[in-house]
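In: Got a predicted structure plus its sequence, pasted below:
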Amino acid sequence: VYIKFRGLKQEEHEKVVNYIKNNPLVGWLVEGDGSWDMVIGIHAENLNNFYKFKIAFENEFSDKISELSTSTQIQAYLYPRSYIFDLPREEILLYSNKNKVQLDKKDKEILRELAINSRNTIIDIAKKTRLSERTVAYRIKQLNKNKIIMQYRASINLERINYVFIKAFIKLQKLTQEKKQEIIVFFRNNNNVVHNVESLGEWEIEPEFELEGINDFHKIMNEAFKKIVYFLII
């Protein structure tokens, strides 16, 4: 969900943020400068649940929303931080067409603790979930095997290392599958791209960058510009 607000005051901003944070469907929230003030990532079981969130949010803040747009992820790609470490550009697909795996309550409790802190030990998780260490170890092994857990990844404070996060929204000219694949490969091979999304909405591709500055972003986009109609920055 992409939102542009109409002159939010500080207390109104806090109300919006708290509303978003307290919704169990929200996976992440980004605030920034550019075409959108906020971008909200929603993890919903189906489109009906997503639609309910959208309608409720619009009704709650209708007088403060200037513009709201949505897109649905078709495929997402995760890449290592090769700009910091000399790592190969291994690509992780976050979605697949493999058979669905049913999670039970115990699996969800374990995943919850890992989501809070992936450095939690098996002993820590066992205590917090009231499961045996053997059960926790076995279930984590199965979650890895079934590709439920794709990766253990550190969250880096980019400001402390003088980097910035930039997300772009790209509409491709005369879209074909070949052209889309060409631009996906282009971003896959760029060390500053840490995440990329194929989406269904107003734009087709949403790459995310971690860079030393906006000038580096423009250099990358200039290389790909002949493939792009326009791009928006947040």
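Out: Nice, I can see it.
In: List the buried residues in whatever helix or strand Ile166 lives in.
Out: Taking DSSP states H and E as the definition, Ile166 sits inside strand 164-172. Of all the residues in strand 164-172, those buried under the rule 16 or more other Cβ atoms under 10 Å are Phe165, Ile166, Lys167, Ala168, Phe169, Ile170, Leu172. Backbone N, C-alpha and C define where each C-beta goes, glycine included.
In: Also stretch 101-108?
Out: Neighbour counts over stretch 101-108 (16+ other Cβ under 10 Å) mark Asp107 as buried.
In: For the strand holding Ile166, enumerate the helices and strands it packs against.
Out: Counting contacts by 3 or more Cβ pairs under 8 Å, 6 or more residues apart in numbering; DSSP states H and E, strand 164-172 is packed against helix 177-188, strand 208-211, helix 214-224, strand 228-233.
In: separation between the spatially most central residue of the chain and Lys147?
Out: By Cα atoms, centre = their mean, the chain has its centre lying nearest to Gly41, at 6.4 Å. Counting by Cβ to Cβ, to the nearest Å, the gap from Gly41 to Lys147 is 20 Å.
In: again with Val194
Out: Applying Cβ to Cβ, one obtains 20 Å for the distance of Val194 from Lys147.
In: The two - which one has more neighbours?
Out: Val194 (20 against 13; other Cβ atoms under 10 Å).
In: In this protein, mark out all the strands, start to finish.
Out: Using DSSP state E, the strands of the chain run over residues 2-5, 26-31, 38-42, 65-69, 72-78, 92-93, 164-172, 193-200, 208-211, 228-233.
In: could you say what helices and strands the fourth one packs with?
Out: What it means is strand 65-69. strand 2-5, helix 47-60.
In: mind listing what's buried in the shortest one?
Out: If I follow you right, that is strand 2-5. For strand 2-5, the buried set under the neighbour-count rule, 16+ other Cβ under 10 Å, comprises Tyr2, Ile3, Phe5.
In: any low-confidence regions in this protein?
Out: Along the chain, the parts satisfying pLDDT under 70 run over 96-99, 226-234.
In: if you set the cut-off to 50 instead, what comes out?
Out: Low-confidence segments of the chain (pLDDT under 50): 233-234.
In: and the closest residue in space to Phe53 that isn't next to it in sequence, how many neighbours?
Out: Leaving aside its sequence neighbours, Phe53 sits nearest to Leu25 (Cβ to Cβ, 6 or more residues apart in numbering; 5.3 Å). By the measure other Cβ under 10 Å, the count of residues near Leu25 is 15.
In: My guess is Leu25 contacts Tyr51. True?
Out: No: applying Cβ atoms under 8 Å as the test, Leu25 and Tyr51 come out as separate, 11.2 Å apart.
In: count of residues packed around the closest residue to Leu114 other than its chain neighbours?
Out: Spatial nearest neighbour of Leu114, chain neighbours left out: Asn120 (6.3 Å); criterion: Cβ to Cβ, 6+ apart. Using other Cβ under 10 Å, Asn120 has 17 neighbouring residues.
In: so how far is Phe85 from Asn120?
Out: 24 Å.
In: Can you tell me how far Lys171 is from Gly201?
Out: From Lys171 across to Gly201, the span is 10 Å (Cβ to Cβ).
In: Trp28 now?
Out: From Trp28 to Gly201 the distance is 17 Å (Cβ to Cβ).
In: Those two: which has the busier surroundings?
Out: Shown here are Trp28 and Gly201; by other Cβ under 10 Å, Gly201 has more neighbours (15 against 10).
In: ok, now which ones touch that one?
Out: By Cβ atoms under 8 Å, 6 or more residues apart in numbering, the residues touching Gly201 are Ser69, Thr70, Ser71, Thr72.
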